[in-house]
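# Task: produce atomic coordinates for the following.
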Amino acid sequence: MFEVDRFVDDCHAAVATESTYKAIHEILARTMSEPAAVLGGLGEPKRSEIRKIFHSESLTILNVMWAPGMMVMASQSSHVVLETARM
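Down below sits the predicted model:
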């Protein structure tokens with residue numbers, strides 16, 4: 001089962017130790033290899049939205065429910081986006 005707190009802790013630890021974010025990529029790949037568990041942990045999306053899961057000076061984690069045609073401008077800060085579903 002996907003646990004938000006554990007995911008945040010894993011990502012935060014990875015950012016602290018790996019400046020290239022390769023460790024974040026590994027965490028995301030491992031997490032998204034079980035999409036049903038992620039949906040179970042975050043809940044089934046009901047509409048498109050961007051929801052903040054975690055934010056600190058060094059890391060922002062967003063849960064993105066993407067709708068057709070939806071566009072978001074990128075910023076220069078470090079983001080981990082956990083995309084749970086395409087609507």
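# helices and strands of the chain: which one bottoms out on pLDDT?
strand 79-86 (a mean of 53; mean pLDDT, DSSP states H and E).
# Which strands or helices does the lengthiest helix in the chain pack on?
Looking across the chain with DSSP state H, the single longest helix is helix 4-17. In terms of contacts (3 or more Cβ pairs under 8 Å, 6 or more residues apart in numbering; DSSP states H and E), helix 4-17 is packed against helix 22-32, strand 49-55, strand 60-66. (Each C-beta comes from the backbone N, C-alpha and C, glycine too.)
# Quickly, which of those bottoms out on average pLDDT?
The weakest mean pLDDT among the helices and strands packed on helix 4-17 belongs to strand 60-66, with a mean of 87.
# Okay, now the sheet partners of that strand, with direction.
strand 49-55 (antiparallel), strand 79-86 (parallel) (DSSP bridges).
# so how far is it from its chain's centroid?
Centroid displacement of strand 60-66 relative to its chain, using Cα atoms, centre = their mean, to the nearest Å, is 5 Å.
# With just CA atoms, put it into PDB.
The C-alpha trace of strand 60-66 is given here as PDB (Å, rounded to 0.1, in the frame of the first residue of the first chain):
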ATOM      1  CA  THR A  60       7.700  20.200  -3.500                       C
ATOM      2  CA  ILE A  61       5.500  17.200  -4.200                       C
ATOM      3  CA  LEU A  62       2.300  17.600  -6.100                       C
ATOM      4  CA  ASN A  63      -0.500  15.200  -6.900                       C
ATOM      5  CA  VAL A  64      -1.700  16.000 -10.400                       C
ATOM      6  CA  MET A  65      -5.000  14.800 -11.900                       C
ATOM      7  CA  TRP A  66      -4.600  15.900 -15.500                       C
END
